[in-house]
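Undergrad: sequence isn't available, so here's the structure alone:
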Ligand SMILES: Nc1nc2c(ncn2[C@@H]2O[C@H](COP(=O)(O)OP(=O)(O)O[C@H]3O[C@H](CO)[C@@H](O)[C@H](O)[C@@H]3O)[C@@H](O)[C@H]2O)c(=O)[nH]1
Ligand SMILES: [Mg+2]
């Protein structure tokens, strides 16, 4: 069956989370959607048994892969690598550490069929930032959101749980996208969304979804 959906997971030393994430994700997708979905970990040479864990899951029939980078490091560039290699026309990024609920992935994919860019936001009624966050982290997060305001209307542009229709990334000039750092969702929203970028539909299609944490 053709792969139309890709879930990209940047991962560094996440061996223990690979199995529960894979099982929960494909259980949430159900049989039909699982057949057209790939899960891809982009690992920066963790050498912690992540590769063997993925191979074991493959033997159990899960469509899960792992790309191991040996010459590059960094969250944003790992996400971009996964997006570029993705087979699916709908791509979602999420963390490996179960901070983002795999059970919300089907909802994001559904939204992506209608919208160019979707974000799992922590700033909506009923959801919130991690209760254990120390004060300094809350201050950094609030400051970053404020600084991003001129760039996007998105309520949570620092979210690591987001997706886009791959066609918009394919059309973009790779040179304009900064692959450094942690804020790849903001980077893509700011660079690809109008009026700053070439992809008018993306900003119009932006949709905010709720997600825990
Ligand atoms: N390949 C790769 N993956 C990495 C790297 N650094 C971190 N990761 C992976 O990227 C994900 C996020 O890393 P965390 O260390 O869990 O990030 P966090 O501090 O919890 O940050 C989260 O919140 C931020 C907003 O506050 C988000 O911007 C960020 O994406 C993430 O969701 C995890 O799956 C982790 O394994 C790296 O250098 N390389
Ligand atoms: Mg985390």
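TA: Thanks, I have the structure now. Just so it is clear, the structure is predicted and the values come from calculations on it, not from any experiment. Numbering: from 1, shown residues only. Ligands and ions are numbered 1, 2, ... in the order given.
Undergrad: from here on, contacts and neighbour counts on C-alpha atoms
TA: OK.
Undergrad: how near is the residue in the chain sticking out farthest from the centre to residue 122?
TA: Relative to the average C-alpha location in the chain, and by Cα atoms, centre = their mean, no residue lies farther out than residue 135, which sits at 25.8 Å. Here residue 135 is placed at a distance of 17 Å from residue 122 (Cα to Cα, to the nearest Å).
Undergrad: which parts of the protein sit against ligand 1?
TA: 10-12, 14, 42-44, 73-75, 78, 95-97, 158-160, 182-183 (Cα under 6 Å from any ligand atom).
Undergrad: inside strands: which ones of those?
TA: Among the residues of the chain next to ligand 1, the members found in strands (DSSP state E) are 10-11, 42-43.
Undergrad: and those residues, which is closest to residue 165?
TA: Ranked by distance to residue 165 (Cα to Cα), those are led by residue 10 at 18.4 Å.
Undergrad: how near is the closest one to residue 41?
TA: Distance of residue 10 to residue 41, given as Cα to Cα: 6 Å.
Undergrad: common neighbours of those two, please.
TA: Jointly contacting residue 10 and residue 41 under the rule Cα atoms under 8 Å, 6 or more residues apart in numbering are residue 82.
Undergrad: quick one: the strands in this protein?
TA: The residue ranges that make up the strands of the chain, judged by DSSP E, are 5-11, 37-43, 64-68, 90-93, 117-121, 162-165, 207-210.
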